[in-house]
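Novice: Kindly generate the corresponding structure for this input.
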Amino acid sequence: MRLSLALEDGAVALPDEGRVLLLRPPAYADLSALPLDRCVAVQPFRPDHDALAPRMAVTPDWPEGAFAAAVVFLPRAKRLARDLVARACAAVPPGAPVIVDGDKTDGIESLLKDVRRAAEVGGAFSKAHGKTFALAAAPMPSGWTVEAEDADGWTTRAGIFSADGPDPGSVLLADTLPPLKGAVCDLGAGWGYLSARLLEASPAVTACDLVEADADALSCARANVPDPRAAFHWADATAWGGTYDAVVCNPPFHPSRKADPALGRAFIRTIRNVLAPRGRAWVVANRHLPYEAALGEAFAQVDVRAEAKGYKVVELARPKRSRR
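Specialist: Residues are numbered from 1 along each chain as shown. This next block holds a predicted model:
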C-alpha cells in the first residue's frame, strides 16, 4: 500500500515509457499503481515467484535487456539490501529513478542514510511504519555489490539462510544422522550443508534430491554438493512429492520476523507424504517450538535422538498416511 500511495501522491515517480525492474517484490505487495505490463520482477523465492507469475513477467535470475527505472523491495538482510540498490543503479541509465520501499523493522531508515551519502535522494514518503524514497541512479560505494562468498569453506551469499556458515541446528542434525541408504530427500536444503555431510558419510545412498525454494541458496548448493548422486530442485518444499527411503530436514520457521510454527508443520506434513512406509526421517527444530502435536499426528513413531544448544533432533517413522 505504501508504494502505491507514494506513486499516486507524486512523492516518487516512474517514467511513462521503458521497462521497469522490480527487485524482490513479495507476493503480498500492493503493485496496483505500477505499470505491470512494463515490469519485470526478479524473485528467486519460488512461492512468491509463482504467485507473481500470473500478474507480470518474473524470473529468478537477472533479466536481459535495458530498463528505464527500478524498484527495490527492501529485504531483511542489510547486505542484500545494499546489493540490490547497487545492482538497481547499475541496471538503469545514470540519473534514472530507483525507488526503494521498506519497513522500519527491515532497516529502511539506516539504508536511507547510507544512500544519501552516495546519491541524490528526494524526500521520503512515510506510511505504515516504513518509507518509500527515490534516488537518481549513481554508482554505489565499493563493496555494496556482493557475489558468492566463502563461509568456513562453504559457498554462500548474502541474503540466504545461515550465510555466515553452518547453523547449529544443521550441525547437530548432521552429527546425529546414522549412515543412510537408498533414495534420500533433503527438504528445504538451503545451500547444501546437510546433503554434503550425509553423502560423504553414506555410500549406500543411491540418490539425494535437494529441494529448496530459494534459487540463490540452491545455486550455492550446486557448488557445495558436487556428488553425482545429488539432484537439485527449485521448488516449494511444502508442495513436494515423491517417495523416499529417508528424509532429512531443518525446517524454516521465519518467513517473516516472527516465528511461524505453521510453516514447520507444513514441512512435517510433506515429510509424512513422501516418506516410504518403512522409511525414516530426521528433523531438527528449536526446542521451544510446538511441533510435538504435529509430529504425533503425522507419525506413529517419534523419538528424540539428540538435544543441544536449544535444538532437538527427532527421528520419525511409520507415517500415518493420508496421501494427497
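Novice: residue contacts, the residue nearest the centre of the chain?
Specialist: Centroid-nearest residue in the chain: Asp214, 4.1 Å away (criterion: C-alpha atoms, centre = their mean). Residues in contact with Asp214, defined by C-beta atoms under 8 Å, 6 or more residues apart in numbering, are Pro44, Phe45, Arg46, Ile160, Phe161, Gly190. Bear in mind the C-beta positions are built from the backbone N, C-alpha and C, glycine included.
Novice: Look up the closest residue to the third one, ignoring the ones flanking it.
Specialist: Read that as Arg46. Ala213 (4.2 Å; C-beta to C-beta, 6 or more residues apart in numbering).
Novice: how far away is the one you found from Leu177?
Specialist: Ala213 sits 23 Å away from Leu177, going by C-beta to C-beta, to the nearest Å.
Novice: the more surrounded of the two?
Specialist: Legend: neighbour count by other C-beta atoms under 10 Å for Ala213 and Leu177, higher for Ala213 (25 against 20).
Novice: Show me where the stretch 151-300 of the chain has its strands.
Specialist: Shown for the stretch 151-300 of the chain, the strands assigned by DSSP state E, counting those that start in this stretch span residues 154-156, 182-187, 205-212, 230-234, 244-249, 275-286, 299-308.
Novice: Present those as JSON lines; the columns should include mean neighbour count, distance to Arg197 and mean pLDDT.
Specialist: Output for the strands of the stretch 151-300 of the chain, formatted as JSON lines (neighbours: other C-beta atoms under 10 Å; distance: least, C-beta to C-beta, whole Å; pLDDT from 0 to 100):
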{"stretch": "strand 154-156", "mean neighbour count": "21", "distance to Arg197": "11", "mean pLDDT": "97"}
{"stretch": "strand 182-187", "mean neighbour count": "24", "distance to Arg197": "10", "mean pLDDT": "98"}
{"stretch": "strand 205-212", "mean neighbour count": "22", "distance to Arg197": "11", "mean pLDDT": "98"}
{"stretch": "strand 230-234", "mean neighbour count": "17", "distance to Arg197": "12", "mean pLDDT": "98"}
{"stretch": "strand 244-249", "mean neighbour count": "25", "distance to Arg197": "9", "mean pLDDT": "98"}
{"stretch": "strand 275-286", "mean neighbour count": "20", "distance to Arg197": "12", "mean pLDDT": "95"}
{"stretch": "strand 299-308", "mean neighbour count": "14", "distance to Arg197": "14", "mean pLDDT": "95"}
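Novice: Indicate which one of those is closest to Lys113.
Specialist: Proximity to Lys113 (C-beta to C-beta) singles out strand 154-156 among these, at 27.1 Å.
Novice: for the spatially closest residue to Arg222 that is not a sequence neighbour, which residues make a bridge with it?
Specialist: Here the nearest residue to Arg222 in space, its sequence neighbours aside, is Phe232; by C-beta to C-beta, 6+ apart that works out to 5.7 Å. Beta-bridge partners for Phe232, by DSSP bridges, are Leu210.
Novice: Wait, Phe232 touches Ala223, no?
Specialist: No. Taking contacts as C-beta atoms under 8 Å, Phe232 lies outside contact range of Ala223: 10.7 Å.
Novice: What's the per-residue pLDDT of Gly123 here?
Specialist: Gly123 is assigned 89 on the pLDDT scale.
Novice: Check the gap between it and Leu135 for me.
Specialist: Gly123 sits 11 Å away from Leu135, going by C-beta to C-beta.
Novice: Neighbour count for those two, which is higher?
Specialist: It is Leu135, of Gly123 and Leu135, that has more neighbours when counted by other C-beta under 10 Å, with 25 against 10.
Novice: tell me which residues in the strand or helix carrying that one are buried?
Specialist: Assigned by DSSP states H and E, Leu135 falls within strand 130-136. Using 16 or more other C-beta atoms under 10 Å as the test for burial, strand 130-136 gives Gly130, Lys131, Thr132, Phe133, Ala134, Leu135.
Novice: Which strands or helices does that strand pack on?
Specialist: helix 2-9, strand 97-103, helix 108-116, strand 125-127 (3 or more C-beta pairs under 8 Å, 6 or more residues apart in numbering; DSSP states H and E).
Novice: Name the residues that touch that strand?
Specialist: 2-3, 6, 11-13, 85, 89, 94-104, 106, 108-109, 112, 115, 119-125.
Novice: Mean confidence (pLDDT) on it, please.
Specialist: Averaging pLDDT along strand 130-136 gives 97.
Novice: From Ala158, how far off is Gly143?
Specialist: Separation of Gly143 from Ala158 (C-beta to C-beta) stands at 11 Å.
Novice: So between the two, which is more surrounded?
Specialist: For Gly143 versus Ala158, neighbours defined as other C-beta under 10 Å are more numerous around Ala158 (21 against 10).
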